[in-house]
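J.: Provided below for reference: sequence and predicted model.
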Amino acid sequence: MFVSQFFSLIMRIFLVVFLAKVLGPEGYGQFSAILAFTLIIEILFRSGLTGSIVKHISADEEKTYSLARFGFLSQTVLSTSVFLVVFLGAGVWARYIFNDISITGNLRIASLYFVPFALFCMSYSIALGRREFGRVAVMTSAWFFLRTFVTVVFVMHTRSVSSALYAIFAAALLGLAPVGMLMPRIEKKKSDFDRRPVVILAALLIVSAVSLRAVYQVDKLFIKNMIGADDIVGVYALASNFSLILQLFAMSMIATLFPSMSTSFAKSDMALTRKYLATGTRYLLLMLLPVAFALNIVARDVIRAFFGGEYLVSLTPFAILIFASALFAFFLLYRQMLVSLDRQRMNVVITVSVLALALVLNPIFITRYGFLGAAWATFAAAAAGAAVSGLCVFSALKQGYPWLSLARILAASVVCYFLALLAAPLGYAARYGVYLLLAGGFFGILFASRELTRDDVEYIKSVFKKGGE
């Protein structure tokens, strides 16, 4: 799962670089604003009914076939309804959300991919519920490759926002192949199941998931509505999209822990459930904190080399958003754990409250500080979500938070970060030579403080060995 997410990360970075350079700040700004709107909507298909299906299949695999049939039918009805609402009401959304009636046509194009994407998500979730992680990894990698390849082909010829949106639709159609391949592999064993808890959980997850996605996308919509200029939206969107790299690092951990914790909790194996919580938190800290600091160090070189000097103004919001993204990743992890622990309503209350905080802070901060205020609003909302959801999960399992691990990893990251800043005046080759030495020094500090041990190394090696077998 991690390898597939890393491949997807490379594809995503390439696509961000390509679109930002080809479309320019203004075109990329319009594309990003529309994408932010559709990303909030697409979460209806990614985490509502699909999350409920993962939960129920992982708890009772005997009912997989019946749950899968119900899931595909319900997902088709939901996605078709949403498509019609967005497509037919595109003029209304353009006027009142974007304050720009000229993007009505592009909004209609963007809505075309809802149905095929929804069916792909259901196929993905069924495989995830069955814990077929190899299949899920291949599906994820293929999806991002197709999206990248088709977008490049379409946009290279026309260099327009509409061609990028048409490409996303075309890639979604091609991505339907796994749907036809999955169902024949499931034993056609019909089982009776109570649809009520499936639907109730799906409804709770939808409210929570849409609120969650909105927290990290609504800042672009506020900038578009309050400031208006597409080039400013484009610069901010680059910083925001670049910062989302951290969440792709986290998604492999979240995707594997969710069904695993659901299974262990359903079997009342609390010791194993606590182990999942402790291990997941510690390894996420090891992944996210040093990467966040490292990306802050190289951001100027990356943006100048791949995007051009016109995007360098995005460095300041990026410095804030990269840490907001790290906090948001923990929020993602802990809210999924709350669902695993049957705390769905608590999850909804927390997520909606965090969205309310973002909706209040964004207009206040943007009015005072411009687009930098949007970054601080997102950071504050992500920090609140991570803190409250984490407190609820650790309290529910009567587990102590690994504060010592946090302190060691944070200290090692900060030390290496400030040493890296001292190397800034050096030439390119010398500077990156120092960065590589500091990367080794970071792990040296962790080994010296016994935060990392040989047991960790052997454990990680054994995971990859078993995965290969």
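T.: Right, received. Where do you want to start?
J.: Okay, residue 331 and residue 111: tell me how far apart.
T.: 28 Å (Cβ to Cβ, to the nearest Å). All C-beta spots, glycine's among them, are computed from the backbone N, C-alpha and C.
J.: Neighbour count: those two, which is higher?
T.: It is residue 331, of residue 331 and residue 111, that has more neighbours when counted by other Cβ atoms under 10 Å, with 28 against 25.
J.: so what secondary structure elements neighbour the strand or helix carrying the more buried one?
T.: Per DSSP states H and E: residue 331 is located in helix 315-340. Under the contact criterion of 3 or more Cβ pairs under 8 Å, 6 or more residues apart in numbering; DSSP states H and E, helix 315-340 touches helix 49-59, helix 195-226, helix 230-243, helix 245-266, helix 270-306, helix 344-369, helix 371-396.
J.: mind putting those in TSV, mean neighbour count and distance to residue 312 included?
T.: Shown next, in TSV, are those (neighbours: other Cβ atoms under 10 Å; distance: least, Cβ to Cβ, whole Å):
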stretch	mean neighbour count	distance to residue 312
helix 49-59	25	39
helix 195-226	21	18
helix 230-243	25	9
helix 245-266	21	18
helix 270-306	18	6
helix 344-369	19	19
helix 371-396	22	14
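J.: out of those helices, nearest to residue 441?
T.: helix 270-306 (11.1 Å; Cβ to Cβ).
J.: what mean pLDDT does that closest one have?
T.: Regarding helix 270-306, the rounded mean pLDDT is 85.
J.: and that helix, what other elements does it pack with?
T.: Against helix 270-306 (3+ Cβ pairs under 8 Å, 6+ apart) you get helix 2-46, helix 230-243, helix 245-266, helix 315-340, helix 371-396, helix 403-422, helix 428-448.
J.: could you redo the last one with a cut-off of 10 Å?
T.: Where contact means 3 or more Cβ pairs under 10 Å, 6 or more residues apart in numbering; DSSP states H and E, helix 270-306 is packed against helix 2-46, helix 230-243, helix 245-266, helix 315-340, helix 371-396, helix 403-422, helix 428-448, helix 454-468.
J.: orientation of that helix relative to helix 2-46 in degrees?
T.: 100 degrees (axes from the mean of the first three to the mean of the last three Cα atoms, to 10 degrees).
J.: nearest to residue 350, of the helices and strands packed on helix 270-306?
T.: Per Cβ to Cβ, nearest to residue 350 of the helices and strands packed on helix 270-306: helix 371-396, 5.4 Å.
J.: For stretch 140-157, list every residue counted as buried.
T.: 140-148, 150-152, 154-155 (16 or more other Cβ atoms under 10 Å).
J.: pull the CA atoms of that stretch into CSV?
T.: Extracted in CSV, the C-alpha atoms of stretch 140-157 (Å, rounded to 0.1, in the frame of the first residue of the first chain):
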residue,chain,number,x,y,z
THR,A,140,-4.7,2.9,-6.9
SER,A,141,-1.6,3.0,-9.0
ALA,A,142,-3.5,2.3,-12.2
TRP,A,143,-6.0,5.0,-11.4
PHE,A,144,-3.4,7.7,-10.9
PHE,A,145,-1.4,6.7,-13.9
LEU,A,146,-4.4,6.8,-16.2
ARG,A,147,-5.4,10.2,-14.8
THR,A,148,-1.9,11.6,-15.4
PHE,A,149,-1.4,10.1,-18.8
VAL,A,150,-4.8,11.1,-20.2
THR,A,151,-4.6,14.6,-18.8
VAL,A,152,-1.2,15.2,-20.4
VAL,A,153,-2.5,13.9,-23.8
PHE,A,154,-5.6,16.1,-23.7
VAL,A,155,-4.0,19.3,-22.3
MET,A,156,-0.9,19.3,-24.5
HIS,A,157,-3.1,19.9,-27.6
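J.: could you give the mean pLDDT of it?
T.: 85.
J.: do the same with stretch 435-450
T.: Here the average pLDDT along stretch 435-450 is 89.
J.: Now do the buried residues in it.
T.: Applying 16+ other Cβ under 10 Å to stretch 435-450 flags 435, 438, 441-442, 445-446 as buried.
J.: Pull the most distant pair out of the residues you listed.
T.: Most distant of the buried residues of stretch 435-450, by Cβ to Cβ, are 435 and 446, 17.1 Å apart.
J.: so residue 351 touches residue 389, yeah?
T.: Yes - assessed by Cβ atoms under 10 Å, residue 351 is found in contact with residue 389 at 8.2 Å.
J.: Spell out which residues sit in contact with the spatially most central residue of the chain, please.
T.: Nearest to the geometric centre of the chain sits residue 247, at 4.7 Å (Cα atoms, centre = their mean). Counting by Cβ atoms under 10 Å, 6 or more residues apart in numbering, residue 247 touches 5, 9, 216, 254, 288, 325-326, 328-329, 331-332.
J.: what two of those residues are the furthest from one another?
T.: 9 and 331 (19.4 Å).
J.: ok, the spatially closest residue to residue 27 that is not a sequence neighbour to residue 397 distance?
T.: Nearest residue to residue 27, sequence neighbours excluded (Cβ to Cβ, 6 or more residues apart in numbering): residue 161, at 5.5 Å. Shown here: residue 161 relative to residue 397, a distance of 47 Å by Cβ to Cβ.
J.: So for these two, which sits in the more crowded spot?
T.: residue 161 (27 against 18).
J.: can I assume that one is in contact with residue 154?
T.: No - taking contacts as Cβ under 10 Å, residue 161 lies outside contact range of residue 154: 11.1 Å.
J.: give me phi/psi at residue 98?
T.: phi -100, psi -20 (degrees, to the nearest 10).
J.: Isn't it up against residue 37?
T.: Yes - applying Cβ under 10 Å, one finds residue 98 in contact with residue 37, separated by 7.6 Å.
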